[in-house]
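> following is a predicted model, sequence given first.
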Amino acid sequence: MTNTTGVSVIIPFRNAERYIAGAIGSALGQSYRDLGVIAVDDASTDGGADLVLRMDDPRVRLIRNPVRKGVCEARNKAMRAAARPRSSGTRA
């Protein structure tokens, strides 16, 4: 099964543990329902990526950069991910 969304909200972050859940929640709370969030962790050293992993929402994806690449590369990585459909683990 392929999972696609009409709009991808891209949220690059680094050491944003205090803010990332609120940013993602704000995006998901919009009245437009056909959207997904791609959060890109740019080698954070806090617990922000762990917060994203614990979000139980199939519209949220986390991409991790193992080393710091900068906000431009984080956005580019998310745009590449948004351009291809995501497969889910569910089989019909």
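Yep, that arrived.

> make it CA atoms for all contacts and neighbour counts henceforth
Will do.

> any idea how far apart the tips of stretch 25-37 sit?
End-to-end span of stretch 25-37 (CA to CA, to the nearest Å): 10 Å.

> what lies in contact with the longest helix along the chain?
Secondary structure of the chain per DSSP state H: the longest helix is helix 71-83. Helix 71-83 is contacted by residues 8, 10, 11, 12, 13, 38, 39, 40, 41, 42, 63, 65 when judged by CA atoms under 8 Å, 6 or more residues apart in numbering.

> the fourth one: which element?
Okay, so that is residue 12. Using DSSP states H and E, residue 12 sits within strand 7-13.

> report the strands that pair with that strand, each with its relative direction.
With DSSP bridges as the test, strand 7-13 is paired with strand 35-42 (parallel).

> relative to helix 71-83, how tilted is the partner strand?
140 degrees (axes from the mean of the first three to the mean of the last three CA atoms, to 10 degrees).

> now do the buried residues in strand 35-42.
Judged by neighbour count using 16 or more other CA atoms under 10 Å, the buried positions of strand 35-42 are 35, 36, 37, 38, 39, 40, 41, 42.

> so which of the residues you listed comes closest to residue 52?
Taking CA to CA as the measure, residue 52 lies nearest residue 39 of the buried residues of strand 35-42, at 7.8 Å.

> partners of the closest one in the sheet?
Here residue 39, judged by DSSP bridges, has bridge partners residue 11, residue 62.

> what distance do you get for it to residue 81?
Plainly put, residue 39 is 11 Å away from residue 81 if you go by CA to CA.

> just residue 63 next, same as before
9 Å.
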